[in-house]
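Q: missing the sequence, but the structure's below:
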């Protein structure tokens, strides 16, 4: 590298300390652009954001699997079976699309195919360059544990980040060929995966780490109970519709799980989700005692929280039945049992 090029490079990487209010001189920031494809997608028991746990460790019964989109996947996984846990690095693809990003995606879309050509498969193009995200949509956020108070984006685990990358520590259940099966997941079904890294306590755990006091704030929900109607609906749905992921067993399993074990597994997962307060701050404060619900696997769960902090599961139906009921309610203008997105 010549002296002139070296000086130019050094000038490029100098930190920019000049601000005009909150606005940085964007034209002085080095132009690095990162383009990548997912290494795979995770399939989980959470079809929607609402109801998915805020951290995978809070719902150890939850399950999912990742199928690598790579050749020689078995070589990439070689040795990973010796670890018990793994870091999953992923993209928050369900974040609301901002107007600037939407505009970029429209203005930079590919030319339409000829009328005689088959349409190209849908491809999501997530653009989070400094131009598209400025000014940022989220600088301060309200973590659920803070009950409406704000902290900066980087003082929280919010999905709504300048570059929406998430990380979750999951338990490795097994590896079969190009697919890794996990428990303790918090990702929505179909989430793009960026990377996998083994969890190493020697490097990843810090017993003396400091955290703010609000991290230990307790949930408003103290206990969870199931009504007789909910138990009947759960058993009927599992018997007639079945489970998509929560019944997942190793390929070489001879016995499999019994019907009662599947029912108990779903009850445990519902309890794990509710006891850790999946409601938004708005719902906790403004619609405290209204019934509400969420989805798990093939199931729709309706519940309600009383003033004493008891969450009662009122009913369980399969997702298709629920969607049909909702469409009828919307048609008659009699809507209930709201579904909301959980926002950290």
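A: Received it, and whenever you're ready, just let me know what you need. Here the structure is a predicted model, which is why all the values come from computation and not from measurement.

Q: How far does the host helix or strand of residue 265 sit from its chain's centre?
A: With secondary structure defined by DSSP states H and E, residue 265 is part of helix 259-275. Distance of helix 259-275 from its chain centroid, counting by C-alpha atoms, centre = their mean, to the nearest Å, is 20 Å.

Q: pull the helix or strand with minimum mean pLDDT from the protein.
A: Within the chain, no helix or strand scores below strand 19-20, which has a mean of 38 by mean pLDDT, DSSP states H and E.

Q: So what touches the helix holding residue 265?
A: Helix 259-275 is touched from outside by 45, 51, 53, 58-62, 219, 221, 223-224, 226, 234-235, 238-239, 243, 246-247, 257, 294, 296-297, 299, 301, 303, 311, 313, with contacts defined as C-beta atoms under 8 Å, 6 or more residues apart in numbering. Quick note: C-beta positions are derived from backbone N, CA and C, even for glycine.

Q: What residues are bridge-paired with the spatially closest residue to residue 69 that is not a sequence neighbour?
A: Among residues not flanking residue 69 along the chain, residue 40 sits closest, at 4.9 Å (C-beta to C-beta, 6 or more residues apart in numbering). Note on residue 40: beta-bridge partners residue 68, residue 193, judged by DSSP bridges.

Q: Run a quick neighbour tally on residue 177.
A: Residue 177: 11 surrounding residues under other C-beta atoms under 10 Å.

Q: Pretty sure residue 72 is one of the things it touches, is it not?
A: No: Residue 177 sits out of contact with residue 72 when judged by C-beta atoms under 8 Å, with a separation of 11.0 Å.

Q: Where does pLDDT dip in the stretch 1-150 of the chain?
A: Applying pLDDT under 70 to the stretch 1-150 of the chain picks out residues 1-30, 96-124, 133-135.

Q: now the stretch 201-344 of the chain
A: Within the stretch 201-344 of the chain, the stretches with pLDDT under 70 are 250-255, 334-344.

Q: still on that earlier bit, the residue nearest to residue 69: neighbour count?
A: Neighbourhood size, residue 40 [other C-beta under 10 Å]: 22.

Q: doesn't residue 67 make contact with it?
A: Yes: at 5.5 Å, residue 40 counts as touching residue 67 under the criterion of C-beta under 8 Å.

Q: any idea how the chain splits into domains?
A: Following automatic domain parsing, the chain resolves into domains at 40-210, 218-332.

Q: Just the endpoints, please. Distance across the longest one?
A: This stretch, domain 40-210, spans 34 Å end to end (C-alpha to C-alpha, to the nearest Å).

Q: now do the shortest one
A: Between the opening and closing residues of domain 218-332 lies a distance of 40 Å (C-alpha to C-alpha).

Q: residues of stretch 290-310 that come out buried?
A: For stretch 290-310, a neighbour-count test (16 or more other C-beta atoms under 10 Å) marks 292-305 as buried.

Q: what's the closest of the domains of the chain to residue 32?
A: Of all the domains of the chain, it is domain 40-210 that lies closest to residue 32, at 10.1 Å by C-beta to C-beta.

Q: so how far is the closest one from its chain's centroid?
A: Relative to its chain's centre, domain 40-210 lies at 6 Å (C-alpha atoms, centre = their mean).

Q: re the thing from before, mind putting the domains of the chain into CSV with distance to residue 34?
A: What follows is the domains of the chain, written out as CSV (distance: least, C-beta to C-beta, whole Å):
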stretch, distance to residue 34
domain 40-210, 9
domain 218-332, 31
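
Q: Out of those domains, which is closest to residue 31?
A: If you check each of the domains of the chain against residue 31 by C-beta to C-beta, domain 40-210 wins as the nearest, at 9.2 Å.

Q: right, so of the domains of the chain, which gets closest to residue 33?
A: domain 40-210 (7.2 Å).

Q: on that earlier part again, among the buried residues of stretch 290-310, which are in strands?
A: Under the assignment DSSP state E, these contribute 292-296, 299-305 to strands.

Q: Please spell out the PyMOL selection for the buried subset of the contacts of helix 259-275.
A: The following PyMOL line selects those of the contacts of helix 259-275 that are buried, judged by 16+ other C-beta under 10 Å:
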select buried, resi 45+51+53+58+59+60+61+62+219+221+224+226+234+235+238+243+246+247+257+294+296+297+299+301+303+311+313
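
Q: Tell me which two in the ones in strands among the buried residues of stretch 290-310 are the farthest apart.
A: For these, the maximum inter-member distance is 19.1 Å, found between 299 and 305 (C-beta to C-beta).

Q: All set now, cheers.
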